[in-house]
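1. what's the 3D shape of this:
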Amino acid sequence: MKSNPIFDFFNLHEGEQEPKRVIDDVVKNISFRGANIWILACAILIASVGLNVNSTAVVIGAMLISPLMGPIVGAGFALATFDFELLKKSFKNLMIATAVSLTVSTLYFYLSPFKEVQSELLARTSPNFYDVLIAFFGGVVGAVSVTRLEKGNPIPGVAIATALMPPLCTAGFGLATFNFSYFIGAFYLYSINCFFICFSTFLVIKFLKYSPVTWVDKSYQKRIQYSFTILIFIMVLPSFYFAYDLLKQKRFSQSVEEFINTKFINKGNTLVYKKVSYNSNPKKIELAFLIEKFDSLDIARLNDDLSMFKLYNTQLVIKQNTDDLKKEILSEINAQNKSVSEKDLQIGKLQNELSTFKVGSPKLVAEIKILFPDIENIAIGNVQKYDAENEMKIETVVFYESKTIIDEAKMENWLEQKLDTDLRVMKLGAKSSAKVK
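-> Have a look, this model is predicted:
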């Protein structure tokens with residue numbers, strides 16, 4: 001029978017590796033012992049740090065290192081070939097990997113001094129239908145790549161696209177901070193990724209017609225198909241809700257921007273403050289302007305206009321009280337300041353301490369050398385002086401070197417006026433300079 005060139009073009013059997021070799025490779029990547037468990041723990045730590053410092057590049061690196069795909073692909077192979085020993089081994093190792101990952105990430109976030117919720121963390125707390133599509137088609141690419149003679153580049157791409165590590169780390173963050181809504185959302189995303197990678201692998205291996213390890217009757221095959229169907233609905237239905245909610249939020253944000261631009265910005269009003277609360281009831285849009293004032297009738301009319309922009313169940317609040325506005329702006333600044341790292345605070349503290357002991361400038365030294373040209377070297381600074389009662393006091397001291405005798409009293413008086421402080425001028429190497437007043 002003559003082959004169809006179109007079917008040949010899409011033929012998955014072209015370049016396929018021998019099934020026995022494929023299954024041997026899959027089985028090798030299932031186990032989490034020795035090196036694999038160390039690699040997994042390190043990958044989890046790297047991903048946790050990346051999420052903690054909001055570094056996308058670090059998170060991507062952790063996903064490339066992670067060996068988590070092995071037991072998930074193994075489970076798909078096992079179900080497609082009715083290899084129940086392989087399925088048992090894959091499931092057991094997936095549970096071990098999940099438990100280790102959750103333990104390591106929870107411990108890291110519990111010990112970490114930085115508990116701020118970064119955008120990389122938030123992105124893993126509300127999975128939606130798009131995550132289902134990514135996991136499914138990523139799993140298809142992964143399964144097809146595993147069965148090829150030439151593996152090529154898809155496997156690293158699948159590891160990044162399906163993102164198994166970040167949701168597990170986010171779940172660990174939820175446990176460490178006792179934020180169980182984050183834990184549930186992130187662990188649900190992880191479960192979606194695991195299930196649909198497994199399901200797509202099952203479909204690809206069925207399509208390639210791998211021989212079953214154990215022959216089972218038709219009724220048993222139908223039970224597996226029914227189980228998959230039920231699980232698909234369980235996994236997908238909540239994600240549809242999250243996707244719909246995300247779509248509503250994006251539409252609401254677009255409508256808010258359109259309303260603000262039409263009613264205020266395009267009319268020359270200068271917006272200085274904006275806060276949009278989507279999850280409140282009613283939803284709120286809080287605005288403040290540089291100099292423009294609105295009376296109660298104007299605000300009522302603007303609230304009526306919200307429906308024209310499909311902003312239903314929404315209230316517009318225009319802040320015009322100066323004190324209230326200052327409080328809002330200060331609270332925003334304080335919220336941003338909380339993200340300043342401990343390192344930055346320590347650097348600022350050290351800089352303040354150093355400034356306490358710094359006196360004068362190159363310009364001051366140049367002036368001294370003009371007034372007292374015989375001075376060769378000079379040093380000016382504050383020192384800590386302790387009296388007999390052990391009380392500390394900051395004093396200014398000037399040390400100089402000169403081949404000739406200079407009028408120290410004159411220099412002392414001039415510097416006291418210049419620096420507005422009491423000080424002591426001392427010649428280096430002179431016995432009389434051993435005491436500081």
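2. need the nearest residue in space to the residue nearest the centre of the chain, chain neighbours excluded.
-> In the chain, the residue lying closest to the centroid (C-alpha atoms, centre = their mean) is residue 54, at 2.6 Å. Spatial nearest neighbour of residue 54, chain neighbours left out: residue 118 (3.8 Å); criterion: C-beta to C-beta, 6 or more residues apart in numbering. All C-beta atoms are positioned from the backbone trio N, CA, C, and that covers glycine.
3. surely that neighbour is in contact with residue 51?
-> Yes. Between residue 118 and residue 51 there is a contact under C-beta atoms under 8 Å: 6.6 Å.
4. more crowded one of these two?
-> It is residue 51, of residue 118 and residue 51, that has more neighbours when counted by other C-beta atoms under 10 Å, with 30 against 16.
5. got the buried residues for the helix or strand harbouring that one?
-> Secondary structure assignment for residue 51, by DSSP states H and E: helix 35-52. The neighbour-count check on helix 35-52 (16 or more other C-beta atoms under 10 Å) flags 36-37, 40, 43-52 as buried.
6. what would the residues you listed look like in JSON lines with pLDDT?
-> Listed next are these as JSON lines, based on pLDDT from 0 to 100:
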{"residue": "36", "pLDDT": "79"}
{"residue": "37", "pLDDT": "83"}
{"residue": "40", "pLDDT": "84"}
{"residue": "43", "pLDDT": "86"}
{"residue": "44", "pLDDT": "87"}
{"residue": "45", "pLDDT": "88"}
{"residue": "46", "pLDDT": "88"}
{"residue": "47", "pLDDT": "86"}
{"residue": "48", "pLDDT": "87"}
{"residue": "49", "pLDDT": "86"}
{"residue": "50", "pLDDT": "85"}
{"residue": "51", "pLDDT": "84"}
{"residue": "52", "pLDDT": "82"}
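7. from those, pick the one nearest residue 84.
-> Taking C-beta to C-beta as the measure, residue 84 sits nearest to residue 36 out of the buried residues of helix 35-52, at 22.9 Å.
8. quick one: the strands in the chain?
-> 271-277, 283-289, 314-318, 375-386, 392-402, 423-427 (DSSP state E).
9. packing partners for the longest one?
-> Looking back up the chat, that one is strand 375-386. If you count contacts as 3 or more C-beta pairs under 8 Å, 6 or more residues apart in numbering; DSSP states H and E, strand 375-386 packs onto helix 342-357, helix 362-371, strand 392-402.
10. which one is residue 281 nearest to, not counting chain neighbours?
-> Per C-beta to C-beta, 6+ apart, closest to residue 281 is residue 313, 7.3 Å.
11. could you point out the longest helix of this structure?
-> Counting residues, the longest helix in the chain under DSSP state H turns out to be helix 218-263.
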